[in-house]
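In: sequence first, then the predicted structure:
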Amino acid sequence: MTTVLHSCCHTFWIHPLIPDEPVTIAGKDGDDAPKYLEKQVNQVLDKLEQMQKLKEINAEEE
C-alpha cells in the first residue's frame, strides 16, 4: 500500500489499485494489531495478489 494519511491516532493506507478499500489502522507504531484488523489487511493483500495473477495471465495471452 502506498498512500498514507495520518490523524492523531489513526493511519489510513490506500493502495492505488484499490482506492475504494482503504485500511485504517488505529494506535501507534509498535502496537499490537487486533485480529479484525489482521483479517482486513490479509483480505486486501489477497485481493491484490489475485489482481496480480490476473494481470500476469492476461499478459501471457497477448
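Out: The structure has been received and is ready for your questions.
In: so the spatially most central residue of the chain, which state does it fall into?
Out: Closest to where the C-alpha atoms of the chain average out (Cα atoms, centre = their mean) is Val44, at 4.6 Å. Secondary structure, DSSP: H, G, I helix; E, B strand; the rest coil: Val44 is helix.
In: so what's Met51 up against?
Out: Leu17, Ile18 (Cβ atoms under 8 Å, 6 or more residues apart in numbering). For the C-beta atoms, the positions are set from N, CA and C on the backbone; glycine is no exception.
In: what ranges do the helices span in this structure?
Out: 35-61 (DSSP state H).
In: and the residue of the chain positioned farthest from its centre, how close does it get to Gln52?
Out: Residue farthest from the centre of the chain, counting by Cα atoms, centre = their mean, is Glu62 at 28.7 Å. In this view, Glu62 and Gln52 are 16 Å apart by Cβ to Cβ, to the nearest Å.
In: thought the residue nearest to the centre of the chain was touching His15?
Out: Yes. Using Cβ atoms under 8 Å, Val44 is in contact with His15, at 7.1 Å.
In: hmm, back to that, got a pLDDT number for the residue farthest from the centre of the chain?
Out: Note for Glu62: predicted pLDDT of 76.
In: do you know how far it is from Lys55?
Out: 11 Å.
In: just Asp46 next, same as before
Out: Taking Cβ to Cβ, one finds Asp46 at 15 Å from Lys55.
In: likewise Cys8?
Out: Cys8 sits 37 Å away from Lys55 when distances are taken as Cβ to Cβ.
In: higher neighbour count, these two?
Out: Lys55 (11 against 4; other Cβ atoms under 10 Å).
In: could you report the pLDDT at that one?
Out: If you check Lys55, the pLDDT there is 88.
In: one more: Cys9?
Out: 78.
In: that one - how many residues pack around it?
Out: By other Cβ under 10 Å, neighbour count at Cys9 equals 9.
In: same check, this time on the one 4 residues further on
Out: One way to gauge burial is a neighbour count; for Trp13, by other Cβ under 10 Å, it gives 16.
In: pretty sure it is in contact with Pro22, am I right?
Out: Yes. When contacts are counted by Cβ under 8 Å, Trp13 is listed as touching Pro22 (6.4 Å).
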